[in-house]
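>>> I would like the atomic coordinates for the input below:
(2 chains)
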There are 2 protein chains.
Amino acid sequence: MIAEILSTGDELRSGAVQDTNAGYIARKLEEQGISATRHQCVGDDAEGLVSVLAEIAGRADMAVVTGGLGPTRDDLTTAAAARAAGVELALDQEAEEIVKNYFKSRNRPMNPANRKQAFLPLGAVCLPNPVGTAAGFRLKIDGCRLWFLPGVPVEMKRMRHETVLGQVTQCMGRERSHYKTRTLSTFGLPESVADEMLAGFSGRFEGIRLGLRAHFPEIHVKHYGRGDAEKGLSNSMQAAVAWVSERLGDNLYSTEGESMASVLGKRLMHRKATLSVAESCTGGLISDWLTNVPGSSNFFRYAAVTYSNEAKIKMLRVSPATIRDNGAVHEKTVLEMAEGVKALCGSDYAVATSGVAGPDGGTPEKPVGTVCIGLATPRYSKSKRYYLQSADREMNKRIFAMKALDMLRRTF
Amino acid sequence: MIAEILSTGDELRSGAVQDTNAGYIARKLEEQGISATRHQCVGDDAEGLVSVLAEIAGRADMAVVTGGLGPTRDDLTTAAAARAAGVELALDQEAEEIVKNYFKSRNRPMNPANRKQAFLPLGAVCLPNPVGTAAGFRLKIDGCRLWFLPGVPVEMKRMRHETVLGQVTQCMGRERSHYKTRTLSTFGLPESVADEMLAGFSGRFEGIRLGLRAHFPEIHVKHYGRGDAEKGLSNSMQAAVAWVSERLGDNLYSTEGESMASVLGKRLMHRKATLSVAESCTGGLISDWLTNVPGSSNFFRYAAVTYSNEAKIKMLRVSPATIRDNGAVHEKTVLEMAEGVKALCGSDYAVATSGVAGPDGGTPEKPVGTVCIGLATPRYSKSKRYYLQSADREMNKRIFAMKALDMLRRTF
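Below is the predicted model:
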């Protein structure tokens, strides 16, 4: 079965507003076992709408169309659907009721412009809209079944949920397949290396295919599964995840698509341990990530963002001689930063960063992209220097912060 | 001229990832005076890619295609483009240099899988990629000019900016019109209120139209200008920006589309003043934003992320009695936090936050969304409580952090 998605509206076509409807509908169709092969987006242009609808009807078995059902002059989808189907518009009593009830329930007189929304293509089946004036409708064009929904996301979602899904499975016949997805999160592997490590996957696990996705600075390994029997699919997925996990080794930090901060937070909470942070080049980003984890107050003690040498000395008790002899970006300095913040607030663990995020501040010896990371644990302290340059200051901060959290993760 | 946009990738097609490239490219083309008539999105399927490329080439004068240029087996766009154009793939020296240089500049051996990225369709013109291994390319198919760019947004955006725009205007012939855009950044106005404040704009300034864009928690007011004469357009834009600025009042914080942190940083640097931060509920986010500003070491002194009461008392010298009598989320507490961090590091200004970001921790008296903000300046200190609940923990953190920076901005 070929399924397609069409979003309409000048605000989407011009990029002024991000189209979130197409992705949402694609996800919901996937959950029903229907893969939309194509999304399209066109503007509020009558001729263009008629021709894209005819195109889709000639190619697909079903389609979901959003937008252009409102009362204004640039809402053209209903008329375009009628033209593509070669039928007239006609007053639809159900659609008329929806408009009338909307105003009645709000004790407002009906706006004459809204009368237009009571007219649907002849032969269309009205789809009730519980939250707005625009009725949706279902219409067959050239053997293709099309569902037309309002473009306002909240209306579209309610109608999709309450009406469309049931009709889609009823009309199109639910496929016997089951679907599962799993996301494995890795850090420290370039995409091409991850791909190579996973060569040999293809065809090994029935119904499972892989997709790599760069989510800087992480690579996510997505598992998409499809099978006739739920049990068989579960087993296949489990085996695939185990196979992939083994190959990715310790670059894998979550088999459930969690964030690095969330994985770390869980491990700390599990052992009732606390963490403090001393950030120079990462400027608060590590702390921001950690405190995004709900319940982070259980493990997150304190962070000091010490940009200047003065702050490192005064707030973290780094020795002035260490900075004078080695500079702020140095293994010895971050070691003292980590030990300093740990002692200061009595946490079990501490992590510290100092580096050159750019665009300025690089030297031949310590170019932009240099970062030193310090770690203090209940048993020992250590520090290391890395060179991790990426495209700009914000991306350098991200990769430095991830490297620091990853270094801590590897101590557990 | 007919221009189209194609996004490729199973993660976009299936809705697993939101496609933001198409909207971005559409906006940038609009700014050049080119309206993309259609966006499409298809998955990683060789046959499907070839046929959609042929379709677009048959219909459009130009197109921008993103995705599928990576080193892995499901990166199929380059091969599909060659097939659609009826040419072979051939080693491209420029593309090879890009891959080699990428690894060389990182002191890493080149991965064999990346060699694939050195091959482009015969006749294609390589487009340099300053931040990744994937060269883009330009190729003519059936008289239609297509620009192929990587799908990773940061690479796509850099290449679009550095190469593609110039080529588009050069190849497609710049229309005689001139184009200008301006972005005004506001905080504190709901979109519908901003829209109402700007009623009456339409038709008032020749060639200028407005678009509101929500960029949580900010609203950006985009000015799109088009005119035959550059001078007239400049005057019209200037008048429009002045008219809009007056209506938006002090909710407007930048007429150049800058970030709040960047606006604040400039003001602080201008008066050679320094800032320190004490964050509870915002957890490092304010500090992260401030240190994203290049040159922030000139004004950013120090931040303390004090989640626990203990840390507030020990690190910021908040009085235990203040917390005991009022709680951590209180005007008095944040005032002492701001004064504490200011005194501690000798900065000229300080800002402090304490609130309930959720999902837990709310009470009837201080529900999720409550935030207290404290400010210390060279002349006075003050603090205030706000109720700013949004959808989730991360969004609450964002709106709290913006409110704090905005409160500081309003003191200048």
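
>>> what's the neighbour count on the residue nearest to A:Met402 when sequence neighbours are not counted?
For A:Met402, ignoring the flanking residues on the chain, the nearest one in space by Cβ to Cβ, 6 or more residues apart in numbering or on different chains is A:Pro217 at 5.1 Å. Just so you know, the C-beta spots here come from the backbone N, C-alpha and C atoms, and that holds for glycine as well. By the criterion of other Cβ atoms under 10 Å in any protein chain shown, A:Pro217 has 19 neighbours.

>>> Could you check which helix or strand contains the residue sitting furthest away from the middle of chain A?
The outermost residue of chain A relative to its centre, with distances by Cα atoms, centre = their mean, is A:Ala321 at 46.4 Å. Per DSSP states H and E: A:Ala321 is located in helix A:320-326.

>>> Relative to the whole chain's centre, how far out is that helix?
With Cα atoms, centre = their mean, to the nearest Å as the basis, helix A:320-326 stands 44 Å off its chain's centre.

>>> re the thing from before, looks like the residue nearest to A:Met402 contacts A:Glu394 (just checking).
No - the criterion here is Cβ atoms under 8 Å, and A:Pro217 misses it with A:Glu394 at 11.5 Å.

>>> Give me the common contacts of the two.
Counting by Cβ atoms under 8 Å, 6 or more residues apart in numbering or on different chains, A:Pro217 and A:Glu394 have no contacts in common.

>>> which strands and helices sit next to the helix or strand where A:Ile25 lies?
Per DSSP H and E, A:Ile25 falls inside helix A:21-31. Contacts defined by 3 or more Cβ pairs under 8 Å, 6 or more residues apart in numbering or on different chains; DSSP states H and E place helix A:21-31 against strand A:3-8, strand A:36-42, strand A:62-66, helix A:153-159.

>>> can I get the ones you listed in a markdown table with distance to A:Ala343, mean pLDDT and mean neighbour count?
Below are the helices and strands packed on helix A:21-31 laid out as a markdown table (distance: least, Cβ to Cβ, whole Å; pLDDT from 0 to 100; neighbours: other Cβ atoms under 10 Å in any protein chain shown):
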| stretch | distance to A:Ala343 | mean pLDDT | mean neighbour count |
| --- | --- | --- | --- |
| strand A:3-8 | 57 | 96 | 25 |
| strand A:36-42 | 56 | 95 | 24 |
| strand A:62-66 | 58 | 95 | 26 |
| helix A:153-159 | 51 | 79 | 19 |
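
>>> Can you check which of those gets nearest to chain B?
Of all the helices and strands packed on helix A:21-31, it is strand A:36-42 that lies closest to chain B, at 4.3 Å by Cβ to the nearest Cβ.

>>> what's the helix or strand for the spatially closest residue to A:Leu12 that is not a sequence neighbour?
Nearest in space to A:Leu12, with sequence neighbours left out and distances taken as Cβ to Cβ, 6+ apart, is A:Asp19 at 4.4 Å. Assessed by DSSP H and E, A:Asp19 sits outside every helix and strand.

>>> where does the nearest residue to A:Asp92 once chain neighbours are set aside land on pLDDT?
Spatial nearest neighbour of A:Asp92, excluding adjacent residues (Cβ to Cβ, 6+ apart): A:Leu120 at 4.2 Å. Looking at A:Leu120, its pLDDT reads 96.

>>> Quickly list what A:Leu120 is bridged to.
A:Ala90 (DSSP bridges).

>>> What is the burial count for it?
When neighbours are counted by other Cβ under 10 Å, A:Leu120 registers 28.

>>> Please apply the same query to A:Asp92.
Using other Cβ under 10 Å, A:Asp92 has 20 other residues around it.

>>> Check which helices and strands the longest helix anywhere in chain A sits against.
Using DSSP state H, we find that the single longest helix of chain A is helix A:230-248. Helix A:230-248 sits against strand A:178-187, helix A:191-197, strand A:208-215, strand A:218-227, with contacts defined as 3+ Cβ pairs under 8 Å, 6+ apart.

>>> where does chain A have low pLDDT?
Counting by pLDDT under 70, the ranges of chain A that qualify are A:172-177.

>>> tell me which parts of the stretch 51-200 of chain A are close to chain B?
Counting by Cβ under 8 Å from any Cβ of the partner chain, the residues of the stretch 51-200 of chain A close to chain B are A:Val52, A:Thr181, A:Pro190, A:Glu191, A:Ser192, A:Val193, A:Asp195, A:Glu196.

>>> closest to A:Pro150 among the residues you listed?
A:Val52 (18.3 Å; Cβ to Cβ).

>>> so who does the closest residue to the closest one other than its chain neighbours touch?
Nearest residue to A:Val52, sequence neighbours excluded (Cβ to Cβ, 6+ apart): A:Val42, at 5.3 Å. Counting by Cβ under 8 Å, 6+ apart, A:Val42 makes contact with A:Leu6, A:Ser7, A:Thr8, A:Arg13, A:Gly48, A:Leu49, A:Val52, B:Thr37, B:Arg38.
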